[in-house]
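Peer 1: okay, structure incoming, though there's no sequence with it:
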């Protein structure tokens, strides 16, 4: 989930392969056709999302709606050739199951993006193009 400067809320749905803006009238698709969008961050007039299935960082212009690939071959999602195994069950505080692995994204004040790389368990700093 991320918020723009106008207070509008955006969410990613990795099952639908879409990024949605939540409006009073209902959800509005801002980007679709993505494999598994996960982390979201807003920086300036751009909304960024990580497509864990295709290992890409996408940007969506909040003014024009243009979508573009900003980075590829990121260490997110399962390593190539590895199939998903069922997560082990864990019961804690009355809630069953473990949270699935997730690629997170945050915007830093200097314009870079910080990506929690669930594919290898690291945090990557992605600097903007000059």
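Peer 2: That came through, no problem. Bear in mind that the values here come from a model prediction, so they are computed numbers and not experimental data. Numbers count the residues shown, from 1 in each chain.
Peer 1: now residue 4: how far from residue 39?
Peer 2: Relative to residue 39, residue 4 is positioned 16 Å away (C-beta to C-beta, to the nearest Å). In this view, the C-beta of every residue, glycine as well, is placed from N, C-alpha and C.
Peer 1: the residue positioned nearest the centre of the chain: helix or strand, and which one exactly?
Peer 2: Within the chain, one residue has its C-alpha closest to the average C-alpha position: by C-alpha atoms, centre = their mean, that is residue 39, at 2.4 Å. Secondary-structure assignment from DSSP states H and E places residue 39 in strand 37-43.
Peer 1: that strand - contacts with which helices or strands?
Peer 2: Contacts defined by 3 or more C-beta pairs under 8 Å, 6 or more residues apart in numbering; DSSP states H and E place strand 37-43 against strand 2-3, strand 9-13, strand 18-23, strand 46-51, strand 104-107, strand 113-117.
Peer 1: within the sheet, what are the partner strands of it, with directions?
Peer 2: Neighbouring strands of strand 37-43 in its sheet, by DSSP bridges, are strand 46-51 (antiparallel).
Peer 1: flag the shaky bits of the chain, pLDDT-wise.
Peer 2: Scanning the chain with the threshold set as pLDDT under 70 gives 78-101, 119, 129-130.
Peer 1: go again using 50 as the cut-off
Peer 2: Of all residues in the chain, none has pLDDT under 50.
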